[in-house]
Every structure is written in structure tokens, then in C-alpha cells.
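In: quick one: sequence and predicted model below, then my questions.
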Amino acid sequence: MTTPPPTPPIRVLLVDDQELIRTGLRGILRARFGFEVVGELSDGAEVAAAIGRQRPDVVVMDVRMPGVDGITATAAVRDLPDAPPVLVLTTFDDDAALAGALRAGAAGFLLKGVPAEDLQRAVRAVATGDGWLDPAVTGRVLSTYRTGAPEPDPAPDTTGLTPREQEVLALIGAGLSNTEIAERLFLGEGTVKTHVGHIFTKLDVRDRAAAVVYAFDHGLVRPRRR
């Protein structure tokens, strides 16, 4: 029997102005768990150049930094060709920063101080194209995100989505990954990814975070309370 080749580690770029935080993250994202930290930065201004040199699979980014902050840096990353996903680190009470990161195109949001396993799961999720939206903060972020935007339709408007796609969209809004959706609906993960792609196209949303906003705004899922 041929032994399958080992899975390459997920390459991670850490961006946080606090060395102590970076040290903790580095300890969690070790090779024994399937990760490789390929670079560490303390300023968002350096992120684009570092991505060009290191080719990370995921950028783990703090939102509050002196110089160029994480929101501005995330927007700059999204403009790069073949941009890696950005997983944003934040605190529970920083709604404005979270909303800004959502608009900038972050693939996921993680609270500082979560268990190590949650950080590892979040990095793996965004590395494979999933989103990671912590339910403890999602509802609060959405209320800030919608400030100044047109009022949503009073009733769900999922014109063009099949019943199965509506189910998948609701679960995306609840913060589930593709793997978790597949398990919940007894589907193959590839089938879920196909549904997600169709949802993005039909709703004209660019990514998972925008799909979550749509799901909340159209009553397909309700914010959870902490």
C-alpha cells in the first residue's frame, strides 16, 4: 500500500504590535498541530510586502495597532492578487473595529483569549475557504455594520435560492463552517461548497461575511446573546 504524502502545514503570518501576544499565538500555531508561522509583524504597513515574500495561507491580524491598523491592512490585502484570507483578532467590546474589518473583507473574527483549540479551528477554517464568525460578537457587529445603510426588506427575500440553498445560507449566518453544515444537513462537503458558490452568485455577495450580513438582515437567523 502506498503511503499518502504528508499534508503540508498551514502557513501563517502573524500581525500584532504586542510581542507577548505574538509569542502566545506562535506557541499555539506550532508544527505539531499542522501550522508554520512564516513571519511576524508589528505594523499593518508591512503586511503586503510580507505576503509577497512569505506566501502565507492565512494572515492572523490584530485590528488595533499603531501606524497602519488592521482594518486598513485587511483592505490592502484584499486588493492583492491571490490574496490570503485574513482572520481578525479583537476584543468583545470593540464593535466599531469589527464592523470595519467586516467591510474590509476579513474572512473571520476571533476574540482574544479564546481557547487554543478555537484559534486552531479558526485558522484551519479560513485556510480552506470557510469563514469564522464568533457568535458571541456577530450580532453586535451587524448592528454597527448596518448603520447608515438602507433598511432591509421586512420579510426574507431569497428569490432565486432553492430551499436547500436557503437552509445553507441560514447555517452560514449562524456561523457554521462548510464541514459543520455538511454534518448538519447530511451532505458531502463538496456539495455544500457548490451550494455556497451558488448562493454567493445569486445574492451578488463577495464572500462569507457578506452572506452572513444578508442572512441576518433578511431574518434567516437571529443574533445570539452571550
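Out: Cool, the structure landed. Predicted, not measured: the structure shown is a model, and the values here were computed from it.
In: skipping its backbone neighbours, what lies nearest residue 123 in space?
Out: Nearest non-adjacent residue to residue 123, counting by Cβ to Cβ, 6 or more residues apart in numbering: residue 58, 5.3 Å away. The C-beta positions use only the backbone N, C-alpha and C, and glycine is treated the same way.
In: quick one: residues contacting the one you found.
Out: Residue 58 makes contact with 10-13, 84-87, 123, 126-127 under the criterion Cβ atoms under 8 Å, 6 or more residues apart in numbering.
In: and those residues, which is the shakiest by pLDDT?
Out: Within the contacts of residue 58, residue 126 has the lowest pLDDT, namely 88.
In: do you know how far that one is from residue 84?
Out: To residue 84, residue 126 is 9 Å away according to Cβ to Cβ, to the nearest Å.
In: of the two, who's got more company?
Out: The neighbour comparison of residue 126 against residue 84 (other Cβ atoms under 10 Å) goes to residue 126, with 26 against 20.
In: take the contacts of residue 58 and keep only those in strands.
Out: Among the contacts of residue 58, the members found in strands (DSSP state E) are 10-13, 86-87.
In: quick one: buried ones out of the contacts of residue 58?
Out: 10-13, 84-87, 123, 126-127 (16 or more other Cβ atoms under 10 Å).
In: with distance to residue 101 as extra columns, can I get the residues you listed in TSV?
Out: TSV is the format used below for those (distance: Cβ to Cβ, whole Å):
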residue	distance to residue 101
10	21
11	21
12	18
13	16
84	15
85	12
86	8
87	10
123	16
126	13
127	18
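In: let me see the domain layout of the protein.
Out: 10-145, 163-217 (automatic domain parsing).
In: and the last one, how far from the chain's centre?
Out: Here domain 163-217 is found 14 Å from its chain centre; the criterion is Cα atoms, centre = their mean, to the nearest Å.
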